[in-house]
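A.B. asks: Fold the stuff below for me.
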Amino acid sequence: MDLANLSDAILQRLAELKADNHVEAKRKLEAIEEAMTPQWKKAMHARMTDLSRQASASRSKLPKLYQLMEEVGELRSPHVSCKAGCSACCRTIPVEISDLEARHIAAATGKTMANLPPGRHTVLNGVATPCPFLLENQCSIYEHRPYNCRSLAAVDRDALSCSEENTALTRANDPRAVPVVMTKMQAFDPLYREILGRKPVVWADIRQFFPPQSQAGESRTAATASSN
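C.D. replies: You can find the predicted model right below:
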């Protein structure tokens, strides 16, 4: 995105958001915390402990973890900026997932996932293509979306700080950029890591596990050619 082409209206809104010093975001974070009453937290912790103790496979525990996260998502929904049709994060930032999640998505969609070796393959310095499951500004796998997509949400007066314009300013270290205030379901992190298990985990961007069809076709053609 050419910063010289940013509209005056967008820049003015960003300036107002920066001058506001995220007062609205702070209020929303406080409202989310207040909604999680001690009784609610105690009950949720008990359910997390129960899931941890279940003698079942990781592939069956993952959807149960997602369900717990959905309940938190519903609780914080009135206070976050993320709404249907807001897809800036799906276009501009890496979406790191584990191979367990990739297999879950593959099973749910019928898509073929790339076979990557153990280790971390994610490139964290920005992306050039949208998430392959973003269709018409909507997540086509919303019910099966990965852990990080469920965990993170923006909180502010609107989703302007997540916009492609603000992302471009941030990457350029432009002083007009506004920090993104996020809320994260970090209480689930230990359980998530436990469900992944001790075996070597494959970490990659969702675009690497499920590359665009053209790239996937080129990879298969190259692999076939190299084997002949």
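
A.B. asks: which residues of this protein fall in strands?
C.D. replies: For the chain, the strands defined by DSSP state E cover 96-98, 119-120, 134-135, 138-139, 152-154, 182-184, 202-205.

A.B. asks: what about Glu30, how many residues close to it?
C.D. replies: 11 (other Cβ atoms under 10 Å). (C-beta placed from N, C-alpha, C; glycine too.)

A.B. asks: pLDDT score for it?
C.D. replies: At Glu30, the pLDDT value in this model is 95.

A.B. asks: From Val155, how far out is it?
C.D. replies: 10 Å (Cβ to Cβ, to the nearest Å).

A.B. asks: show me the contacts for Trp203.
C.D. replies: 96-99, 119-122 (Cβ atoms under 8 Å, 6 or more residues apart in numbering).

A.B. asks: Kindly recompute the last result at 7 Å.
C.D. replies: 96, 98, 120-122 (Cβ atoms under 7 Å, 6 or more residues apart in numbering).

A.B. asks: can you check Ile97 too?
C.D. replies: 146, 206, 209.

A.B. asks: what is it paired to in the beta sheet?
C.D. replies: Note on Ile97: beta-bridge partners Ala204, judged by DSSP bridges.

A.B. asks: So in this protein, where's the weakest helix or strand by average pLDDT?
C.D. replies: Least confident helix or strand, the chain: helix 213-227 with a mean of 39, by mean pLDDT, DSSP states H and E.

A.B. asks: Can you pull the poorly scored residue ranges out of the chain?
C.D. replies: Residue ranges of the chain with pLDDT under 70: 125-126, 213-228.

A.B. asks: Quick check: the residue positioned nearest the centre of it vs Gly73, distance?
C.D. replies: Among the residues of the chain, the one closest to the centroid is Cys149, at 2.5 Å (Cα atoms, centre = their mean). Per Cβ to Cβ, Cys149 is found 10 Å from Gly73.

A.B. asks: What of Ala107?
C.D. replies: Relative to Gly73, and taking Cβ to Cβ, Ala107 is found at 22 Å.

A.B. asks: With Pro146 instead?
C.D. replies: The value you get for Pro146 to Gly73, if Cβ to Cβ is used, is 13 Å.

A.B. asks: quick one, which of those two is more surrounded?
C.D. replies: Pro146 (23 against 16).

A.B. asks: which residues touch the top helix by length along the chain?
C.D. replies: Longest helix in the chain, counting residues (DSSP state H): helix 58-76. Identification of contacts with helix 58-76 by Cβ under 7 Å, 6+ apart yields 32, 35-36, 44, 47-48, 51, 54, 100, 103-104, 150-151, 153, 183, 185, 188, 191-192, 195-197.

A.B. asks: ok, now which ones touch the closest residue to Gln208 other than its chain neighbours?
C.D. replies: Using Cβ to Cβ, 6 or more residues apart in numbering and skipping residues adjacent in sequence, the residue nearest Gln208 is His121, 5.8 Å away. Going by Cβ under 7 Å, 6+ apart, His121 touches 203-204, 208.
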